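Student: Fold the following, please.
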Amino acid sequence: MLFPYKNIMRYHGDDISYEDFLQSELEYINHLLNQDWSRKQSILKYLGFSYFHDADFLSMEYAVVRKKLTLSLTTDNVFEDINLFRENKNLSIISSKEYQEKPIIFLCEFYGVCEFYCNVNLDKYTKIMDTEIGKYKPNRRYTITFSFWENEELSFNCNRANVSIDQNLIMRYTNNQKKAIPFCDACKTKLLNHKQLLNRKKYIEGILNNNQDDHLI
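Tutor: Residues are numbered from 1 along each chain as shown. All right, here's what the predicted structure looks like:
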């Protein structure tokens, strides 16, 4: 990964201070802010800040001629968000068994895929730890990295992406009240847009500046 600060904290927490962690996150945020997301919302929204942390990797299909890579993912966060929505609407809770029989799947389609790299044994590692948007190249290609474990990665370059979800299934689980997943507040913070990036940048800079002031006292 180009910005491995999360992996360093996760696997080698003693090797990085909280201040250094925030500084590294700030570098990543500035990296994202320097890119044009006007027509690439799916890439930023779902892959910028690890919304798919702890998600299950279900399948991968690569169409060589079309240079299209399709990944199927599912996450228990959606199950929890749906039940929270149902609880707030005084609806009965869906059981884990019922949901697992027909889970909501994120169909992630990447186009113009090249420079594909994978050193992951997907029969062994099926839990995604983090995702990262790396270098943005002059030919408008993004380097997308899925981290499964320390140094276990799937990465590739692409020029655009689309993430789709079965709206009919969401309607079924929300008692025909929602076509989109009713994300909880915690999940919403991981679904990035430009405004959220600016807010996070301001928050981190505030902490770092306060720490610097403390050192001067």
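Student: And the longest helix seen in the chain, what does it pack against?
Tutor: When the chain is scanned for its longest helix (criterion: DSSP state H), the result is helix 194-216. Here helix 194-216 touches helix 18-33, going by 3 or more C-beta pairs under 8 Å, 6 or more residues apart in numbering; DSSP states H and E. Heads up, the C-betas are built off the backbone N, CA and C, glycines and all.
Student: which residues are in contact with the helix it packs on?
Tutor: Applying C-beta atoms under 8 Å, 6 or more residues apart in numbering, the contact partners of helix 18-33 are 3, 5, 8-9, 16, 44, 48, 132-133, 192, 194, 197-198, 200-201, 204-205, 207-208, 211.
Student: which other residues reach the one helix or strand Leu58 maps to?
Tutor: Assigning secondary structure by DSSP states H and E places Leu58 in strand 56-63. Strand 56-63 is contacted by residues 68-75, 105, 113, 116, 122, 125-128, 146, 148, 154 when judged by C-beta under 8 Å, 6+ apart.
Student: swap in stretch 93-105?
Tutor: Taking C-beta under 8 Å, 6+ apart as the rule, stretch 93-105 contacts 58, 72-74, 78-79, 82-83, 86-87, 165-166, 169-170, 173, 181.
Student: His53: what secondary structure?
Tutor: Under DSSP: H, G, I helix; E, B strand; the rest coil, His53 falls in the coil class.
Student: CA atoms only: put the lowest-mean-pLDDT helix or strand in the chain into PDB for me.
Tutor: Least confident helix or strand, the chain: helix 194-216 with a mean of 83, by mean pLDDT, DSSP states H and E. Output of helix 194-216 as PDB, limited to C-alpha atoms (Å, rounded to 0.1, in the frame of the first residue of the first chain):
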ATOM      1  CA  HIS A 194     -15.400  15.900  -0.800                       C
ATOM      2  CA  LYS A 195     -17.100  17.600   2.100                       C
ATOM      3  CA  GLN A 196     -16.300  14.700   4.500                       C
ATOM      4  CA  LEU A 197     -12.600  14.800   3.400                       C
ATOM      5  CA  LEU A 198     -12.500  18.500   4.200                       C
ATOM      6  CA  ASN A 199     -14.100  18.000   7.600                       C
ATOM      7  CA  ARG A 200     -11.700  15.200   8.500                       C
ATOM      8  CA  LYS A 201      -8.800  17.300   7.300                       C
ATOM      9  CA  LYS A 202      -9.900  20.200   9.500                       C
ATOM     10  CA  TYR A 203     -10.400  17.900  12.500                       C
ATOM     11  CA  ILE A 204      -7.000  16.300  12.300                       C
ATOM     12  CA  GLU A 205      -5.200  19.600  11.700                       C
ATOM     13  CA  GLY A 206      -6.900  20.900  14.800                       C
ATOM     14  CA  ILE A 207      -5.600  18.000  16.900                       C
ATOM     15  CA  LEU A 208      -2.100  18.300  15.500                       C
ATOM     16  CA  ASN A 209      -1.900  22.000  16.000                       C
ATOM     17  CA  ASN A 210      -3.100  21.700  19.600                       C
ATOM     18  CA  ASN A 211      -0.400  19.100  20.200                       C
ATOM     19  CA  GLN A 212       2.200  21.400  18.800                       C
ATOM     20  CA  ASP A 213       1.000  24.200  21.100                       C
ATOM     21  CA  ASP A 214       1.200  21.900  24.100                       C
ATOM     22  CA  HIS A 215       4.800  21.100  23.300                       C
ATOM     23  CA  LEU A 216       5.600  24.900  23.400                       C
END
